[in-house]
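*Asks:* next one to model:
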Amino acid sequence: MISEPHSRPLQLGVTSLRLAWRVVCIPVYTVLVILEPFVRFFLSTLTVLGVLTAIGVNLALPDAPFWTLMATALSFGALLAVYYLIMRLFRPR
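*Replies:* Residues are numbered from 1 along each chain as shown. You can find the predicted model right below:
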């Protein structure tokens, strides 16, 4: 295969970037995997307790900001989904 003279530095640059990305990905992914059970437990617990608290407060105090409490509780579940997306981003291929 005949490569053009100006494409060789570009290929070298792309290869260097891929290598640098792998060097960064592996330690970050390792830390994320180690922390995953703790983060999952913490955020899942906050989600469940927040939903139960929102329901309980709504039953006890009808004028309480139910949807604010519910949105806060469910945002912990969304944060867990973001954590899994970040893990997927740094997963070595």
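*Asks:* quick check: which ranges of the protein have low pLDDT?
*Replies:* By pLDDT under 70, the low-scoring segments of the chain are 1-6.
*Asks:* give me the distance between the spatially most central residue of it and Thr72.
*Replies:* Centroid-nearest residue in the chain: Tyr83, 1.8 Å away (criterion: C-alpha atoms, centre = their mean). Separation of Tyr83 from Thr72 (C-beta to C-beta, to the nearest Å) stands at 17 Å. Heads up, the C-betas are built off the backbone N, CA and C, glycines and all.
*Asks:* before we move on, what about Pro9?
*Replies:* 52 Å.
*Asks:* give me the more crowded residue out of these two.
*Replies:* Thr72 (16 against 9; other C-beta atoms under 10 Å).
*Asks:* my guess is the more buried one contacts Val51. True?
*Replies:* No - Thr72 is not in contact with Val51 according to C-beta atoms under 8 Å; the separation is 9.9 Å.
*Asks:* look up the closest residue to the residue nearest to the centre of the chain, ignoring the ones flanking it.
*Replies:* The shortest distance from Tyr83 to any non-neighbouring residue, by C-beta to C-beta, 6 or more residues apart in numbering, is to Val39 (5.7 Å).
*Asks:* now swap in Leu69 and tell me
*Replies:* Per C-beta to C-beta, 6+ apart, closest to Leu69 is Ala54, 3.7 Å.
*Asks:* name the element the one you found belongs to?
*Replies:* helix 7-60 (DSSP states H and E).
*Asks:* list the helices and strands the following helix or strand past that helix packs on?
*Replies:* Counting by DSSP H and E, the next helix or strand C-terminal to helix 7-60 is helix 66-90. On a contact count with 3 or more C-beta pairs under 8 Å, 6 or more residues apart in numbering; DSSP states H and E, helix 66-90 meets helix 7-60.
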